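Engineer: sequence-free structure coming up:
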């Protein structure tokens with residue numbers, strides 16, 4: 001899983017002690033945010049292109065069609081987040097707020113020469129052991145909190161990479177390995193502190209602004225900037241069993257057939273509740289052919305895990321690594337330790353996605369063959385890959401559909417198509433994007449859904465709002481958008497309409 005999403009935020013007016021609340025023509029950003037009348041915290045940073053730390057606070061995991069910034073604010077306090085948002089709106093300056101800097105959808109690239117609000121200094125992590133509640137700042141990444149949670153005797157469902165932001169992943173839904181046991185990450189969310197488009201700082205939960213709490217759990221980028229969030233933890237349950245395998249090209253059909261049998265074994269497709277599988281089609285530069293690299297993780301002891309995984313292991317993978325892994329090392333030590341490489345920023349990567357309810361081995365095999373041809377023709381794009389994240393959905397699907405805005409709880413596999421090339425303007429860019437769209441259509445046609453459906457955190461940016469948010473959710477979401485953001489100032493991250501249909 002990649003993760004987490006940049007957010008677009010703006011509001012009208014200023015905090016007490018600021019300037020008058022009239023919206024003014026856009027002006028020089030440096031002049032606006034360095035005005036001596038603004039009482040920034042002494043630890044809040046104001047940065048501009050060319051400053052030593054500017055690249056760090058505007059860094060991105062993916063730089064394919066990125067937003068561009070004329071200035072950045074790195075607030076130390078919640079009040080300074082609100083101040084920055086209000087200044088941007090008063091002076092008609094577009095902005096994005098980022099936590100994990102992991103958002104990559106192409107709609108974010110519609111922001112040009114705007115203001116970056118880097119939430120990296122809002123990095124507090126605290127646990128109340130008596131209640132089992134976790135509180136995190138808006139800039140906390142998975143890697144910042146894993147050891148703290150584990151050492152306190154707890155765990156929580158997360159994504160599968162260490163570098164995305166906790167809050168950004170959450171508000172898109174929060175898929176991951178433990179969805180069969182604990183549900184989605186939004187199902188662990190208890191409350192947030194959120195700055196709305198009109199400059200209000202709200203406590204949002206089931207008991208305070210419950211309509212907004214419904215909306216942020218699946219479409220949260222549309223309603224405000226989250227400065228902090230509280231989650232319900234689960235008690236730690238060691239061990240986890242990790243089985244990493246590699247299959248050569250000639251065994252790809254056997255592997256995908258075994259995976260299909262395991263996922264589609266019941267009327268409601270899903271892996272067993274304790275088993276999660278990520279399968280990657282990639283290129284092996286040593287053997288000069290495509291291969292499958294897979295990470296099978298079981299929430300339980302090794303003897304149980306190997307029994308569940310027996311159909312796959314009977315295929316005799318060319319490489320097998322079996323390890324017991326504690327919860328706080330799941331993201332970094334599974335998948336042959338690929339997390340470190342995955343989290344390197346500033347990649348040129350174009351991503352397409354599709355949700356799959358019913359897994360089709362034949363579609364996966366056809367994809368393998370198409371990628372083999374692509375690798376053979378475009379050598380500079382051989383870091384490209386196809387990732388199939390097959391996560392159990394038993395607990396996620398048990399949550400009533402109308403509980404949250406997230407629309408795809410019965411998804412059994414999330415497809416992530418990643419085309420990567422080394423230099424801008426590569427000859428592989430156009431054919432890579434064309435193949436990405438083709439493969440997306442192939443999986444959508446056999447997915448078990450009536451149309452393409454996509455996880456918003458993985459969206460490319462060319463999908464319809466129905467394909468992202470679900471037509472049945474849109475009437476209620478549009479009403480929330482009209483109430484909290486009628487001028488659509490949160491317009492850079494797959495924005496919702498203010499009326500639907």
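Structural biologist: Perfect, thanks for sending it. Predicted model, so just to flag it, every value in this text is computed and none were measured.
Engineer: Now the host helix or strand of residue 442: buried residues?
Structural biologist: Assigned by DSSP states H and E, residue 442 falls within helix 429-445. Of the residues in helix 429-445, 429, 432-433, 435-436, 439-440, 442-444 count as buried by neighbour count, 16 or more other Cβ atoms under 10 Å. All C-beta atoms are positioned from the backbone trio N, CA, C, and that covers glycine.
Engineer: Over to stretch 343-363?
Structural biologist: Of the residues in stretch 343-363, those buried (16+ other Cβ under 10 Å) are 343, 347-357, 359-361, 363.
Engineer: same check, this time on stretch 146-153
Structural biologist: By neighbour count with 16+ other Cβ under 10 Å, stretch 146-153 contains the buried residues 146, 148-150, 152.
Engineer: ok, residues contacting that stretch?
Structural biologist: By Cβ atoms under 8 Å, 6 or more residues apart in numbering, the list of residues contacting stretch 146-153 from outside reads 125, 127, 129, 134, 155-156, 158, 162, 233, 235-236, 326-329, 331.
Engineer: do that again at 10 Å, thanks
Structural biologist: For stretch 146-153, the external contacting residues (Cβ atoms under 10 Å, 6 or more residues apart in numbering) are 125-129, 132, 134, 136, 140, 142, 154-156, 158, 162, 231, 233-236, 238, 326-332.
Engineer: same deal with stretch 245-255?
Structural biologist: Everything outside stretch 245-255 that qualifies as a contact, by Cβ under 10 Å, 6+ apart, is 256, 258, 279-282, 284, 287, 289-296, 309, 311-322, 336, 361-362, 364-365, 367-369, 372.
Engineer: In strands, which of the residues you listed fall?
Structural biologist: Judged by DSSP state E, the contacts of stretch 245-255 include 279-282, 284, 289-296, 319-322 as members of strands.
Engineer: And the residues you listed, which of them are buried?
Structural biologist: For these, a burial check counting by 16+ other Cβ under 10 Å picks out 279-282, 284, 290-296.
Engineer: closest to residue 273 among the residues you listed?
Structural biologist: Distance to residue 273 across these (Cβ to Cβ) is lowest for residue 296, with 14.3 Å.
Engineer: doesn't residue 278 make contact with that closest one?
Structural biologist: Yes. If you go by Cβ atoms under 10 Å, residue 296 and residue 278 touch, sitting 8.3 Å apart.
Engineer: what residues do those two have in common as contacts?
Structural biologist: What both residue 296 and residue 278 touch, as defined by Cβ under 10 Å, 6+ apart, is the set 244, 334-335, 390.
Engineer: Next secondary structure element downstream of the helix or strand hosting residue 145?
Structural biologist: Element membership for residue 145 (DSSP H and E) is helix 142-151. Using DSSP H and E, the helix or strand that follows helix 142-151 in sequence is strand 154-155.
Engineer: what does that following strand contact?
Structural biologist: Contacts for strand 154-155 (Cβ under 10 Å, 6+ apart): 127, 129, 132-134, 146, 148-149, 178, 182, 231-238, 240, 299, 326-328, 330.
Engineer: Separate out the buried members of these.
Structural biologist: Counted by 16+ other Cβ under 10 Å, these give 127, 132-134, 146, 148-149, 178, 182, 231, 233-234, 240, 299, 327-328, 330 as buried.
Engineer: before we move on, back to that, may I see the buried ones among the ones in strands among the contacts of stretch 245-255 organised as a markdown table, with distance to residue 110 added?
Structural biologist: Output for those, formatted as a markdown table (distance: Cβ to Cβ, whole Å):
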| residue | distance to residue 110 |
| --- | --- |
| 279 | 33 |
| 280 | 30 |
| 281 | 31 |
| 282 | 31 |
| 284 | 38 |
| 290 | 35 |
| 291 | 37 |
| 292 | 36 |
| 293 | 35 |
| 294 | 36 |
| 295 | 35 |
| 296 | 39 |
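Engineer: and residue 191, which of the three is it?
Structural biologist: Under DSSP: H, G, I helix; E, B strand; the rest coil, residue 191 falls in the strand class.
Engineer: does residue 192 really touch residue 138, like I thought?
Structural biologist: Yes. At 8.8 Å, residue 192 counts as touching residue 138 under the criterion of Cβ under 10 Å.
Engineer: Please identify which of the two sits among more neighbours.
Structural biologist: residue 138 (32 against 27; other Cβ atoms under 10 Å).
Engineer: Tell me the spacing between the more buried one and residue 105.
Structural biologist: 19 Å (Cβ to Cβ, to the nearest Å).
Engineer: Equivalent analysis for residue 365, please.
Structural biologist: For residue 365, the distance to residue 105 - Cβ to Cβ - is 29 Å.
Engineer: So which of these two has more stuff around it?
Structural biologist: Higher neighbour count among residue 365 and residue 105: residue 105, with 26 against 16, using other Cβ under 10 Å.
Engineer: which residues does that one contact?
Structural biologist: Residues in contact with residue 105, defined by Cβ under 10 Å, 6+ apart, are 5-6, 62, 64-65, 221, 351, 353, 456-463, 468, 492-494.
Engineer: Just those: which are in strands?
Structural biologist: Reading strands off the contacts of residue 105 with DSSP E, I get 351, 353.
Engineer: Mark which of the contacts of residue 105 are buried, thanks.
Structural biologist: 5-6, 62, 64-65, 221, 351, 353, 456-461, 463, 468, 492-494.
Engineer: rewinding a little: the contacts of strand 154-155 in strands, which ones?
Structural biologist: Counting by DSSP E, those place 127, 133-134, 231-232, 234-235, 240 in strands.
Engineer: Assign a three-state SS to the nearest residue to residue 315 once chain neighbours are set aside, would you?
Structural biologist: The shortest distance from residue 315 to any non-neighbouring residue, by Cβ to Cβ, 6 or more residues apart in numbering, is to residue 254 (5.2 Å). Secondary structure, three-state DSSP: residue 254 is helix.
Engineer: Enumerate every residue touching the closest residue to residue 351 other than its chain neighbours.
Structural biologist: Spatially, and ignoring its direct neighbours in sequence, residue 351 is nearest to residue 418 (5.5 Å; Cβ to Cβ, 6+ apart). Neighbouring residues of residue 418 by Cβ under 10 Å, 6+ apart: 2, 62, 104, 280, 282, 342, 347, 349-353, 383-387, 432, 436.
Engineer: Apply 6 Å and report the result again.
Structural biologist: Counting by Cβ atoms under 6 Å, 6 or more residues apart in numbering, residue 418 touches 349, 351, 385.
Engineer: Okay, and the beta partners of the closest residue to the last one other than its chain neighbours?
Structural biologist: By that I understand residue 385. Spatial nearest neighbour of residue 385, excluding adjacent residues (Cβ to Cβ, 6+ apart): residue 282 at 4.4 Å. Legend: beta-bridge partners of residue 282 under DSSP bridges are residue 291.
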